[in-house]
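> here are the coordinates; sequence isn't available:
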């Protein structure tokens, strides 16, 4: 999920254009639960990222696999609570066809949004995000915090890895266990030292930031500049066009998998 | 007469709940452009002293009671309200580089403090170029800060403070994670800066480096100043907490009558002294 420098179209695009494009995808994904529309949207996002940023599905497949259990749980819950004709009956419990479709639709929505965010974060420098938000009117002190979060994500990962290694070298079998409960126990055990370390570090970081003028009032200069080019407008126009086509699909084409479709 | 860059008078600090003072009636002065090396065992009060000099104590440390006064170019530090105002003159490099790197990419890290202060972009570019040259970090500019080695992180942190153009630099063990070549590079940069009028206070355990680079040394023990003076006076004196190995050897040889020349503080000085003694036909060393 961390920024990877590059020279692709999406890397060079203005962060504001990318934020606008994401918002369009987000709104579209939230407007529909129709599985066919969401499948096409996800496919467009996947192809779009591959073409404009050379991001292949292999690079985010692992992250997507992590949300599959959540999607299955959502689908099961929807299948149990939704009414309508049953898709199947298991041990006397009916699983609603509508519910299964709705659960899978929500799952596809998560896929589309997740892939979109992934593409955004690996092609956009955290400083560019802060700069874009600042240009959009957010005060710099708040805009900077987005960049700051990206800086300390790897630090927390390193600390977690160090703690797990420290537990493993002292004979804890939980850290390498494949059993989810045992593994979960190791993570819980790790949380307190991680939290304590983070609290201590946050105070030092705040001091370090103040020593370098973070809280100084007055005008700030920006070394990096950002410019909105024709290509950025083209990016937004392209995404809006895709969104419009999918809305037409939603309203004009009958939904698949429904009775009589 | 020029006012000292820093003057410390009767400085005492006690942390909340502590039995002893972390600093106890500390007095000293540092002239503009001077390099003052601060030595002492762990717990001697070196880092506390650095925090007082930078205004972190008492402004950022609620649990520390402070007495005495610090004068910054003649002006009492207590008259300066905010930490940000103090940092316009004083740059502090803390021990842990990890907490001082607050941006994802090295270039952004170096320019961030200057941007906060509203430094014009051409000046930012000039200082950035100078920092790369002085601290040999030109090749790191586009690297991620989290992916740097410990030594690289330290060099970037020192460079980012240099970029703020401070008149006084407080460096708390800035070379602890550096290899010998990296240490020499940072110390050379410090010497260049001192030559340009920047005052440097340097807490360091590498006594070999302090012996060569510092103009004066200050030894702290149990929060008190135990010795102060030139590196030669302090390191050859009875209260030296540690000595360069080459000096230790020369002192032992001198005790046994095998060293006639002035005791060396560094290997090059030892080589020169040895050559001088070798050319003296009647020295004790040649007789034995």
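Ah, there it is. All values derive from a computational prediction rather than experimental measurement. Numbering: from 1, shown residues only, chains lettered A, B, ... in the order given.
> And residue B:80, what's its pLDDT?
For residue B:80, the pLDDT comes out at 84.
> How is the chain divided into domains?
With no chain named, the answer covers chain A. Following automatic domain parsing, one gets these domains for chain A: A:9-124+A:229-252, A:132-211.
> hmm, I had chain B in mind actually
The record's domain split for chain B, according to automatic domain parsing, is B:1-89+B:166-182+B:191-231, B:99-165, B:247-280.
> Now mean neighbour count and distance to residue A:45 too, for those domains, in JSON lines please.
Where C-beta positions appear, they are placed from N, C-alpha and C, glycine not excepted. Formatted as JSON lines, the domains of chain B follow (neighbours: other Cβ atoms under 10 Å in any protein chain shown; distance: least, Cβ to Cβ, whole Å):
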{"stretch": "domain B:1-89+B:166-182+B:191-231", "mean neighbour count": "19", "distance to residue A:45": "43"}
{"stretch": "domain B:99-165", "mean neighbour count": "20", "distance to residue A:45": "25"}
{"stretch": "domain B:247-280", "mean neighbour count": "15", "distance to residue A:45": "63"}
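> Of the ones you listed, which is nearest chain A?
Smallest distance to chain A across the domains of chain B (Cβ to the nearest Cβ): 3.6 Å, for domain B:99-165.
> Next, see if the closest one gets close to chain A.
Yes: interface with chain A: domain B:99-165 contributes B:99-105, B:108, B:111-121, B:124, B:142, B:144-146, B:160-161, B:164 (Cβ under 8 Å from any Cβ of the partner chain).
> and the residue nearest the centre of chain B, what does it touch?
When Cα atoms, centre = their mean is applied to chain B, the residue found nearest the centroid is residue B:202 (1.0 Å). Residues in contact with residue B:202, defined by Cβ atoms under 8 Å, 6 or more residues apart in numbering or on different chains, are B:35-38, B:171, B:174, B:190, B:210, B:213-214.
> got these as a markdown table, with pLDDT columns?
Shown next, in a markdown table, are the contacts of residue B:202 (pLDDT from 0 to 100):
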| residue | pLDDT |
| --- | --- |
| B:35 | 96 |
| B:36 | 97 |
| B:37 | 96 |
| B:38 | 95 |
| B:171 | 96 |
| B:174 | 91 |
| B:190 | 94 |
| B:210 | 89 |
| B:213 | 93 |
| B:214 | 94 |
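> So what's the residue count around residue A:47?
Each residue near residue A:47 was counted by other Cβ atoms under 10 Å in any protein chain shown, and the total is 11.
> Packing partners of the helix or strand encompassing it?
Using DSSP states H and E, residue A:47 falls within helix A:35-53. The contact analysis (3 or more Cβ pairs under 8 Å, 6 or more residues apart in numbering or on different chains; DSSP states H and E) places helix A:35-53 against helix A:9-12, helix A:15-31, helix A:97-123, helix A:230-252.
> need the least confident one among those, by mean pLDDT.
Lowest mean pLDDT within these: helix A:97-123, a mean of 90.
> For the residue in the stretch 51-200 of chain A that chain B sits nearest to, list the residues it contacts.
Of all residues in the stretch 51-200 of chain A, the one sitting closest to chain B is residue A:154 (4.2 Å; Cβ to the nearest Cβ). The contact partners of residue A:154, by Cβ under 8 Å, 6+ apart, come to A:2, B:144, B:146.
> Please identify the most buried of the helices and strands packed on helix A:35-53.
Highest mean neighbour count of those: helix A:97-123, a mean of 21 (counted as mean count of other Cβ atoms under 10 Å in any protein chain shown).
> so does that one get close to chain B?
No: using Cβ under 8 Å from any Cβ, helix A:97-123 never reaches chain B; the gap is at least 11.4 Å.
> Show me where the stretch 151-261 of chain A dips below the pLDDT cut-off.
A:257-261 (pLDDT under 70).
> what about 80?
Where the stretch 151-261 of chain A drops to pLDDT under 80, the residues are A:151-152, A:173-180, A:183, A:255-261.
> Contacts (any at all) between chain A and stretch B:64-77?
No: applying Cβ under 8 Å from any Cβ, one finds stretch B:64-77 out of contact with chain A, separated by at least 13.2 Å.
> relative orientation of the helix holding residue A:47 and helix A:230-252 in degrees?
Computed with axes from the mean of the first three to the mean of the last three Cα atoms, to 10 degrees, the direction of helix A:35-53 lies at 170 degrees from that of helix A:230-252.
> tell me which residues in helix A:35-53 are buried?
By neighbour count on 16 or more other Cβ atoms under 10 Å in any protein chain shown, the buried set for helix A:35-53 is A:35-42, A:44-46, A:48-49, A:52-53.
> so which of these comes closest to chain B?
Nearest to chain B among those, counting by Cβ to the nearest Cβ, is residue A:53 at 18.5 Å.
> my guess is the residue nearest to the centre of chain B is in a strand, correct?
Yes: counting by DSSP: H, G, I helix; E, B strand; the rest coil, residue B:202 is found in a strand.
> related to what we said a few turns ago, just the element for the residue of the stretch 51-200 of chain A closest to chain B, please.
Taking DSSP H and E as the criterion, residue A:154 maps to helix A:140-169.
> List the buried residues of the helix or strand that that helix is followed by.
Proceeding N to C from helix A:140-169, the next assigned helix or strand is helix A:180-211, under DSSP H and E. If you call a residue buried by 16+ other Cβ under 10 Å, then helix A:180-211 has these buried ones: A:186, A:190, A:201, A:204-205, A:207-211.
> So which elements touch helix A:180-211?
Packing partners of helix A:180-211 (3+ Cβ pairs under 8 Å, 6+ apart): helix A:140-169, helix B:83-86.
> That helix: how far from the chain's middle?
23 Å (Cα atoms, centre = their mean, to the nearest Å).
> ditto for stretch B:196-206
On Cα atoms, centre = their mean, the centre of stretch B:196-206 falls 3 Å from the chain's centre.
> For it, what does the pLDDT average out to?
Stretch B:196-206 carries an average pLDDT of 93.
> returning to what we had before: can you name the next helix or strand after the helix holding residue A:47?
helix A:57-81.
> Excluding covalently adjacent residues, which one is nearest to residue A:10?
Distance criterion Cβ to Cβ, 6 or more residues apart in numbering or on different chains; nearest residue to residue A:10, sequence neighbours excluded, is residue A:53 at 3.7 Å.
> which bits of chain B sit near chain A?
B:54, B:56, B:60, B:83-84, B:87, B:91-92, B:94, B:96, B:98-105, B:108, B:111-121, B:124, B:142, B:144-146, B:160-161, B:164.
> Repeat the analysis, applying 6 Å as the threshold.
Neighbours of chain A within chain B, by Cβ under 6 Å from any Cβ of the partner chain: B:60, B:83-84, B:87, B:92, B:99-100, B:102, B:104, B:108, B:111, B:113, B:115-119, B:124, B:146.
> from these, which ones fall inside helices?
Here DSSP state H is the test, and the residues of chain B next to chain A give B:83-84, B:108, B:111, B:113, B:115-116, B:124 as lying in helices.
> okay, who's weakest in these by pLDDT?
residue B:84 (79).
> Assumed residue B:12 was part of a helix.
No: using three-state DSSP, the assignment for residue B:12 is strand, not a helix.
> how about the closest residue to it other than its chain neighbours, secondary structure?
Leaving aside its sequence neighbours, residue B:12 sits nearest to residue B:67 (Cβ to Cβ, 6+ apart; 4.5 Å). Secondary structure assignment for residue B:67 (three-state DSSP): strand.
> Distance of residue B:67 relative to residue B:28?
Separation of residue B:67 from residue B:28 (Cβ to Cβ, to the nearest Å): 16 Å.
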